[in-house]
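Peer 1: Sequence and predicted structure are below.
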Amino acid sequence: MTIEVVKYRDLIPILSIPRFVAEFSQPTIEIRGEDFSSVDRVFVNDSPSPEFIIINKHTMYVQLPEGAKKQICNIEVLSSKFTKTTKSSKMQFEFGNKTRSVTGLMSLIQLFTKWILQSPGSDIFNPERGGGLQELVGQVTSTKRMDSVLGTVSRAVQNTVTQIRTAQIRASNLALDERLLAADVVDLQVYEKQMEAVVKVGVRSVAGQEAVTGLEL
C-alpha cells in the first residue's frame, strides 16, 4: 500500500468575485466559479481560509485570513480530486489530518515526484537514488540563459526514469498503471518578474495513461 504524501489537487477556475458578504462578522467574500462541488481547501494570498461555505455548485463564501483583510492578491480554490482534465493543479507535501492510500497513475506520479526532487546521497541505503532537481531551487541564473537549466532538468528527468524503471523490474506484481514507461520535459516557462521558472514534465505509465506534473523552481 502506498500512502499519499505528495498531494496533487486540481485548481478550480474562478470566474468572478462579485462582492463582500456583509452579513458575516468576519471579512468574507463571495466567489463564483465553474464547479465548487469538490472543493477541499481555499488559499487567499497563499494563506488557508479559516472557513468557507459552498452555497451551490457555482457560488462559495470564503472568509479572509488575517493577512488578506487589507488586500487580496491571489486566490486558489483546490479540489479534493486529481482528474487530469483541468488546466492546472497544485502540489503539496503533507500527510494531512487523514491519511489515505493512492494507487494507479497517482501512485506513479507521487513516486516520480519524490525521486526527481531527491538529492543523490541523501538516502544512506540508496546513495545513488535521486534526480537532484531540488538542488536547482534558489540558484541564481540569467533568464536569458535557460539552456543550461533545461539541460539540467532534462538530465534529472531521464536519470529518474532510468532509476525507477530499474527498481520496478524486481516488482513483478506491480500494476501496469503504476509502472513507468517514460517521462519527458514538455514545457519550460520563465517568469522574470516573479523570478521563477515553471517546468512541466509528462509522465506515462506502461498502461498508456499520462499526466503532466508542474514544478516551480
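Peer 2: Yep, it's here. From a predicted model like this one, the values you see are computed outputs, not experimental measurements.
Peer 1: Correct me if wrong, but residue 155 is in a helix.
Peer 2: Yes. Counting by DSSP: H, G, I helix; E, B strand; the rest coil, residue 155 is located in a helix.
Peer 1: burial count for it?
Peer 2: A total of 13 residues lie near residue 155 under the criterion other C-beta atoms under 10 Å. (C-beta placed from N, C-alpha, C; glycine too.)
Peer 1: ranges for the strands of the chain?
Peer 2: 2-3, 6-10, 14-20, 28-33, 39-44, 47-48, 52-56, 59-63, 75-79, 89-93, 101-102, 180-191, 196-205, 210-216 (DSSP state E).
Peer 1: which stretch in those is the model least sure about?
Peer 2: Among these, strand 89-93 carries the lowest mean pLDDT, a mean of 62.
Peer 1: Give me the domain ranges for the chain.
Peer 2: As recorded under automatic domain parsing, the domains making up the chain are 9-83, 103-216.
Peer 1: How far off centre is the last one?
Peer 2: Using C-alpha atoms, centre = their mean, to the nearest Å, the mean C-alpha position of domain 103-216 is found 13 Å from that of the whole chain.
Peer 1: The shortest one too?
Peer 2: Domain 9-83 has its average C-alpha position 19 Å from the chain's average C-alpha position, going by C-alpha atoms, centre = their mean.
Peer 1: For residue 177, which non-adjacent residue is spatially closest?
Peer 2: On the basis of C-beta to C-beta, 6 or more residues apart in numbering, the spatially nearest residue to residue 177 that is not a chain neighbour turns out to be residue 207, at 4.0 Å.
Peer 1: List the residues that contact that neighbour.
Peer 2: When contacts are counted by C-beta atoms under 8 Å, 6 or more residues apart in numbering, residue 207 is found next to 175, 176, 177, 179.
Peer 1: quick one: it and residue 186, what's the gap?
Peer 2: With distances defined as C-beta to C-beta, to the nearest Å, the gap from residue 207 to residue 186 amounts to 19 Å.
Peer 1: Perfect, that will be all.
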